[in-house]
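J.: Structure for this input, please:
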Amino acid sequence: KEEIPKDSLRYPQEDDAVYDEILKEAQACFPDAVREEAKEPEAKEEPPPEPAKPPPILDLQHRLCFENVYTEGVIECDYQENRARICSDSISALAILKEHISKEAVRLRQEVSDHLVLDEQSIPSFLKLIDPKLKYQRKLAERVELIDAIHEIATAEEDTRWLEEEYRYIHEHADELRKEHAKAPQALQYLTGVVADFFVDAMKARGIDGKPQLEKLDQLLLAASYDLEKLIAFFSPVKKVPSRDGLNSLGI
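T.: Modelled structure (predicted):
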């Protein structure tokens, strides 16, 4: 058994005054020592996912960068004479560019070869950008559809406190909701169209015709049980291709 010296701070003291005196002497010998209470680390909120950005292409002379102000998708084009590489987190953006370049090549009677590469990681990344906007527009459209019915019920009753909080909010903010919806009445239709085009282009890049599945996709997007994970799973192919850097690329 270890023998503890009587002048040690670890030596059990019956008298608190003796202990305090020993402690003061020890603190005087070590003035720089600071005792801090253990603090639990504060929980940090995870930042929202940032759009994937293409790696820099250092062997080409020029670069153009674009960002969609609504979806926040990105396009970066590195190019020089007779050569270009275009990267984007949206395969649809590259499909549109590929089609336009092919038409221009035919018009100018120029021979152009291209190679489109789909990165599987870009699919959930892009869908996560669309998801909060899609949920917001779905919620707004649902509220606007309920305004007339709630108003009819509320006018029959003098007191509306019995209404559920959500219905009471719709009744009290009906004009604001209608104005907001009127600013972009086709926003929900636009977003579902973006997702549908994205699905068709992603399937085409895999060598699959995705058009027969569009009806099921539309039902999934507008269902009351809509869920991002279900949407991502709908995009997943039977056989996955290894991921590269989270970006699709079009080489010309």
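J.: Show the low-confidence segments of the stretch 151-252 of the chain, by residue range.
T.: Using pLDDT under 70 as the threshold, the predicted model of the stretch 151-252 of the chain has low-confidence ranges 158, 237-252.
J.: In it, what residue spans correspond to helices?
T.: Ranges of helices in the stretch 151-252 of the chain, per DSSP state H, counting those that start in this stretch, are 165-172, 174-183, 187-205, 214-222, 228-235.
J.: How about the helix or strand Ile130 falls within, which residues are buried there?
T.: Take DSSP states H and E as the rule and Ile130 turns out to sit in helix 122-155. By neighbour count with 16 or more other C-beta atoms under 10 Å, helix 122-155 contains the buried residues 122-131, 133-134, 137-138, 140-141, 143-144, 146-147, 150, 154. C-beta: built from backbone N, CA, C; applies to glycine.
J.: among the helices of the stretch 151-252 of the chain, which is the most enclosed?
T.: Across those, averaging neighbours per residue (mean count of other C-beta atoms under 10 Å) puts helix 187-205 on top, at a mean of 19.
J.: Tell me which other helices or strands that helix touches.
T.: In this structure, helix 187-205 makes packing contacts with helix 91-107, helix 122-155, helix 214-222, helix 228-235, judged by 3 or more C-beta pairs under 8 Å, 6 or more residues apart in numbering; DSSP states H and E.
J.: other SSEs contacting the second one?
T.: If I follow you right, that is helix 122-155. helix 165-172, helix 174-183, helix 187-205, helix 228-235.
J.: Would you mind giving those as JSON lines with distance to Ala93 added?
T.: As requested, the helices and strands packed on helix 122-155 are exported to JSON lines (distance: least, C-beta to C-beta, whole Å):
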{"stretch": "helix 165-172", "distance to Ala93": "37"}
{"stretch": "helix 174-183", "distance to Ala93": "25"}
{"stretch": "helix 187-205", "distance to Ala93": "9"}
{"stretch": "helix 228-235", "distance to Ala93": "16"}
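J.: right, and those helices - which one's nearest Tyr79?
T.: When the helices and strands packed on helix 122-155 are compared by C-beta to C-beta, helix 187-205 sits nearest Tyr79, at 21.6 Å.
J.: what sits against Ser90?
T.: Shown here is Ser90, whose contacts under the criterion C-beta atoms under 8 Å, 6 or more residues apart in numbering are 68, 71, 73, 75, 122, 126, 198, 248.
J.: How many neighbouring residues does the third one have?
T.: Read that as Gly73. 23 (other C-beta atoms under 10 Å).
J.: There's contact between it and Leu129 in this structure, I believe.
T.: Yes. Between Gly73 and Leu129 there is a contact under C-beta atoms under 8 Å: 6.5 Å.
J.: residue nearest the centroid of this structure?
T.: The central residue of the chain, meaning the one whose C-alpha is nearest the mean C-alpha position (C-alpha atoms, centre = their mean), is Lys128 at 3.5 Å.
J.: separation between it and Pro212?
T.: Noted for Lys128: a distance of 26 Å to Pro212, by C-beta to C-beta, to the nearest Å.
J.: Also Arg161?
T.: Spatial separation of Arg161 from Pro212 under the definition C-beta to C-beta is 51 Å.
J.: just Gln219 next, same as before
T.: 14 Å.
J.: How about Phe198?
T.: With distances taken as C-beta to C-beta, Phe198 is found 16 Å from Pro212.
J.: Kindly report the same for Gln137.
T.: If you measure Gln137 against Pro212 using C-beta to C-beta, the figure is 26 Å.
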